[in-house]
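Visitor: heads up, no residue letters with this:
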C-alpha cells in the first residue's frame, strides 16, 4: 500500500543518479523530479550518502590474504560434473525403487488364491494369534 510520503518514482532515483536509465526514462524522471518535493528530498539524501561514501578510499588487499581466500574457496568448490552425476544417481535410484515397488505390489496382489476379504481377515487373525 502506497503511503503519503512515498512516490512511485522513488524506485528509479538510484538509477537516475547513477546514470543507469535510458534516455527516455532519464527525461521522464528529470521532469517528475522538478515538480515532486518528495523525490527532491530523496535525491538530496542519496547524494549525502554518496558523498559520505566517497570519503573512503579503496585499500589494496594484502596478497597473502587474497591467496588464503582463494585457497579456501577452491577447496570448497564442487565440480559441476560431479554434482550432476550425484543428482542423476539419486534420481535414478528413486525411479528404480518406485518401479520395483509397483511391480512387486502388482505381483503380490494379482496372484489371488483367496478373495481380498479373506486375505485381510486371515492377516488380521494371524496378527492377533502371534503367527
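Guide: Structure received. Computed from a predicted structure; not experimentally measured. Residues are numbered from 1 along each chain as shown.

Visitor: can you tell me the SS state at residue 61?
Guide: The assignment at residue 61 comes out as coil when based on DSSP: H, G, I helix; E, B strand; the rest coil.

Visitor: just the pLDDT at it, thanks.
Guide: At residue 61 the predicted local distance difference test score is 80.

Visitor: how does this protein divide into domains?
Guide: For the chain, whose domains are defined here by automatic domain parsing, the residue ranges read 8-54, 63-129.

Visitor: which of those sits most buried?
Guide: Mean neighbour count, computed with mean count of other CB atoms under 10 Å, is highest for domain 8-54 among the domains of the chain, reaching a mean of 13. Where you see a C-beta, it was placed from the backbone N, CA and C, and this is true even at glycine.

Visitor: ok, back up a step: lowest-confidence stretch among the domains of the chain?
Guide: Set side by side, the domains of the chain give their lowest mean pLDDT on domain 63-129, at a mean of 76.

Visitor: what ranges does the protein have for its helices?
Guide: Secondary structure of the chain (DSSP state H): helices located at 13-18, 23-33, 37-54, 63-76, 80-110, 116-129.
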